[in-house]
Each structure stands twice: as C-alpha cells, then as structure tokens.
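S.K.: Below is the structure, and that's it, no one-letter string:
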Ligand SMILES: Nc1nc2c(c(=O)[nH]1)N[C@@H](CN(C=O)c1ccc(C(=O)N[C@@H](CCC(=O)O)C(=O)O)cc1)CN2
C-alpha cells in the first residue's frame with residue numbers, strides 16, 4: 001500500500017472530545033445543546049444512522065430526542081411535528097432523516113424546518129448562504145470531507161478537484177466548499193463523458209455516487225487524495241465504497257476507508273452544527 005489512510009473514526013473521536021467539552025461549557029451556562037431526530041418508516045440503514053446519531057449526542061452530553069413515525073405518516077402529521085420542534089426552545093437542531101417514504105415531499109418537509117435549526121444545512125436558505133460564501137450550516141458530509149482534507153495538509157489553492165456526483169446533499173455543496181478554498185473544481189454527473197479522463201486529472205477526488213467500487217486504481221492520478229463518500233451494502237452483508245480500495249490504495253497518496261471513513265465524520269459534523277446553532281441562539285438572545 002502506498003497511500004496513507006485518512007481514518008474518519010480517529011478524526012471523529014478527536015473532534016468529538018472538543019465537542020463534548022464545549023457542550024459541557026454551554027450546559028453549565030444553562031444552554032444544553034438539544035437535537036431532535038425524526039425518522040419516518042423502517043428503512044434499516046436509516047434506523048442504524050439515526051441510532052448512531054442519538055448515541056453520539058448522548059455521549060457528547062447533548063439532549064437528544066428521537067421521533068419515530070410510522071411509514072404511513074401523512075405530510076400534515078410530519079409538518080405538524082416539525083412545527084412543534086421549531087417552537088421548542090430546548091431544541092436547537094432538527095434533523096429529518098432522508099430518504100423519506102415516497103408519498104412524502106422531502107423538499108416541503110426540509111423547507112418547513114426553521115433555517116436557524118436546520119443543522120443538516122439542506123434548507124434553501126442555508127444552501128444559498130453557502131453558495132454566496134456566507135455559510136450558516138454546512139451540510140454534514142461535505143463539512144466532514146473538508147476536515148479530512150485539512151488533516152492531509154493538501155494545498156487546495158489551485159489544486160484540481162473533481163467531485164463525482166451532483167446531489168444537493170453532498171456533491172453540490174462539496175464543490176462549493178472546494179471552490180471557496182481556491183480549488184479548480186469539476187463537478188461530474190451521470191451524463192459526464194469520459195469520466196476516467198476527469199478523474200485522472202484530479203489532485204483531490206471526491207466520489208459520492210452510490211455505485212460499489214466504480215472508481216478503480218487506473219482512474220486515479222498518482223499521489224492524489226481520494227475521498228470515498230459511498231456506503232454500499234453488498235449481498236454478502238459487507239459494506240464497500242464507490243472506490244475500489246484495493247487498487248486505488250496502490251496509486252493514491254491519501255485515501256479514506258469504508259467503513260470508518262466519511263461516515264463517522266458525517267455524524268460528528270452534525271454535532272458540530274448543533275453546537276453552532278446553540279452558540280448563535282445565545283448571541284441572538286444577547287443582541
Ligand atoms: N437528514 C439526513 N439524511 C441523510 C444524511 C444526512 O446527512 N442527513 N446522510 C446519509 C446517511 N447518513 C446520515 O444520515 C450517514 C451514513 C453513514 C454513516 C456511517 O457512520 N457509516 C458507517 C457505517 C455504518 C453501517 O454499519 O452501516 C461508516 O461509514 O463507517 C453515518 C451517517 C443519508 N441520509
């Protein structure tokens with residue numbers, strides 16, 4: 001193996017220590033961070049992620065409430081719950097786990113969350129703030145990726161960064177964050193011609209597609225930083241990323257594993273965003 005491993009598990013553990021300390025300080029001041037997590041239905045992967053989020057909150061000393069709703073919950077019932085959480089002063093952050101069951105309109109639900117409590121950073125107001133270079137809440141996965149890049153010491157100014165996957169949750173905000181750090185960014189999508197040529201140019205390659213092992217070592221520039229956002233469950237029950245780790249690690253300079261890479265960082269940045277929500281609410285009270 002030539003590449004150095006970027007362990008999300010390790011980085012997350014060290015960031016969570018500082019987060020816990022700040023949570024204890026805020027709690028002592030009478031502002032215990034509060035995160036409400038909403039899950040609709042019984043998607044097994046979502047259940048795992050939500051459980052891990054609630055667990056991480058508890059460990060960090062946050063007050064977390066879990067709202068588990070039946071798969072046939074109506075749009076009106078879900079909006080009513082979000083409305084109640086918006087009004088609750090003990091709740092600083094609200095997260096509705098995605099994907100929602102098909103009969104629910106995710107866009108309307110996200111827009112119903114008060115933007116100052118949208119710790120996922122998915123609300124159009126927060127997406128706009130990020131786009132215009134004044135981020136309030138940065139979506140957790142791209143935020144975590146930026147922390148991982150910081151750890152490698154890679155200089156993003158003038159670097160060629162290629163992001164594969166143009167979702168609102170990962171690809172688009174990731175491209176914005178890289179651009180804001182001075183990288184020259186290419187955002188690839190499912191229609192991109194000659195994906196390999198784009199990948200081969202990348203000093204920093206972020207892959208968020210959801211297709212097991214689609215990026216192989218021969219598509220990677222020697223020494224590149226490769227960040228694998230994909231989490232795919234194979235028929236044998238094992239998890240794998242969008243990058244073929246075995247061949248990629250022989251070419252890359254740095255690489256993230258799956259599991260234990262970007263996933264744990266996503267949850268950590270959710271805690272960080274919730275802290276930022278508390279800090280802003282205190283500032284607002286004082287103003
Ligand atoms: N409201 C949101 N919904 C979703 C988000 C999100 O950020 N906000 N992101 C993804 C899923 N996700 C967080 O919710 C998430 C995915 C994976 C992990 C993680 O820690 N993965 C572990 C493996 C866990 C396993 O055994 O399955 C790892 O990679 O090591 C955390 C969060 C979609 N929905």
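M.R.: Noted; the coordinates are in hand. Computed from a prediction, not measured in an experiment: that's the story for all the values here. Numbers count the residues shown, from 1 in each chain.
S.K.: Work out for me the element the residue lying closest to residue 158 once chain neighbours are set aside sits within.
M.R.: Closest residue to residue 158 apart from its sequence neighbours, by Cβ to Cβ, 6 or more residues apart in numbering: residue 182 at 6.3 Å. Bear in mind the C-beta positions are built from the backbone N, C-alpha and C, glycine included. If you go by DSSP states H and E, residue 182 is not part of any helix or strand.
S.K.: contacting residues around residue 182?
M.R.: Contacts for residue 182 (Cβ atoms under 8 Å, 6 or more residues apart in numbering) come out as 156, 157, 158, 159.
S.K.: Between those residues, which sits nearest the ligand?
M.R.: Distance to the ligand, by Cβ to the nearest ligand atom, is smallest for residue 156 among the contacts of residue 182, at 22.6 Å.
S.K.: Test my guess that that closest one contacts residue 204.
M.R.: Yes. Shown here, residue 156 and residue 204 form a contact pair, counting by Cβ atoms under 8 Å, at 7.0 Å.
S.K.: what touches both of these two?
M.R.: Common neighbours of residue 156 and residue 204, counting by Cβ under 8 Å, 6+ apart, are 149, 178, 183.
S.K.: picking up where we left off before, compare residue 156 and residue 204 (neighbour count), which wins?
M.R.: The residue with more neighbours, out of residue 156 and residue 204, is residue 204; 24 against 21, by other Cβ atoms under 10 Å.
S.K.: what ranges do the helices span in the chain?
M.R.: Secondary structure of the chain (DSSP state H): helices at 8-28, 44-59, 75-87, 106-112, 124-131, 140-152, 171-180, 195-201, 245-248, 262-286.
S.K.: Buried residues, the fourth one. List them.
M.R.: Spelled out, that is helix 106-112. Residues of helix 106-112 classed as buried: 109, 110, 111, 112 (neighbour count, 16 or more other Cβ atoms under 10 Å).
S.K.: any idea of the pLDDT on the residue nearest to residue 158?
M.R.: On pLDDT, residue 182 comes in at 98.
S.K.: Residue 243 too?
M.R.: Residue 243 is given a pLDDT of 98.
S.K.: Check residue 1 too.
M.R.: Confidence score, pLDDT, at residue 1: 63.
S.K.: just residue 153 next, same as before
M.R.: The model reports residue 153 with a pLDDT of 97.
S.K.: hmm, back to that, could I get the shared contacts of residue 156 and residue 204 as JSON lines with distance to the ligand?
M.R.: Listed next are those as JSON lines, based on distance: Cβ to the nearest ligand atom, whole Å:
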{"residue": "149", "distance to the ligand": "17"}
{"residue": "178", "distance to the ligand": "18"}
{"residue": "183", "distance to the ligand": "22"}
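S.K.: closest to residue 72 among these?
M.R.: Closest approach to residue 72 among those (Cβ to Cβ): residue 178, at 40.6 Å.
S.K.: now that closest one, nearest residue through space, not along the chain?
M.R.: Excluding the flanking residues, the one nearest residue 178 by Cβ to Cβ, 6+ apart is residue 161, at 4.4 Å.
S.K.: residues in contact with that neighbour?
M.R.: Counting by Cβ under 8 Å, 6+ apart, the residues that residue 161 touches are 175, 178, 183, 184, 185, 186, 202, 203, 204, 205, 206.
S.K.: how about 7 Å then?
M.R.: Neighbouring residues of residue 161 by Cβ atoms under 7 Å, 6 or more residues apart in numbering: 178, 183, 184, 185, 202, 203, 204.
S.K.: How far away from the center of its chain is stretch 4-15?
M.R.: For stretch 4-15, the distance from its own C-alpha centre to the chain's C-alpha centre is 15 Å (Cα atoms, centre = their mean, to the nearest Å).
S.K.: List the neighbours of that stretch that are in contact with it.
M.R.: Residues outside stretch 4-15 that contact it (Cβ under 7 Å, 6+ apart) are 147-148, 151-152, 253-257, 260-265, 268.
S.K.: switch to 10 Å and redo it
M.R.: Residues outside stretch 4-15 that contact it (Cβ atoms under 10 Å, 6 or more residues apart in numbering) are 19, 56, 144-145, 147-152, 225-228, 245, 249, 252-269, 271-272.
S.K.: near the ligand at all, stretch 12-26?
M.R.: No. Counting by Cβ under 6 Å from any ligand atom, the ligand has no neighbours in stretch 12-26; the shortest distance is 8.7 Å.
S.K.: Could you pull up the contacting residues of residue 36?
M.R.: Residue 36 makes contact with 63-67, 81-82, 84-86, 88, 90-96, 113, 117, 119, 274 under the criterion Cβ under 10 Å, 6+ apart.
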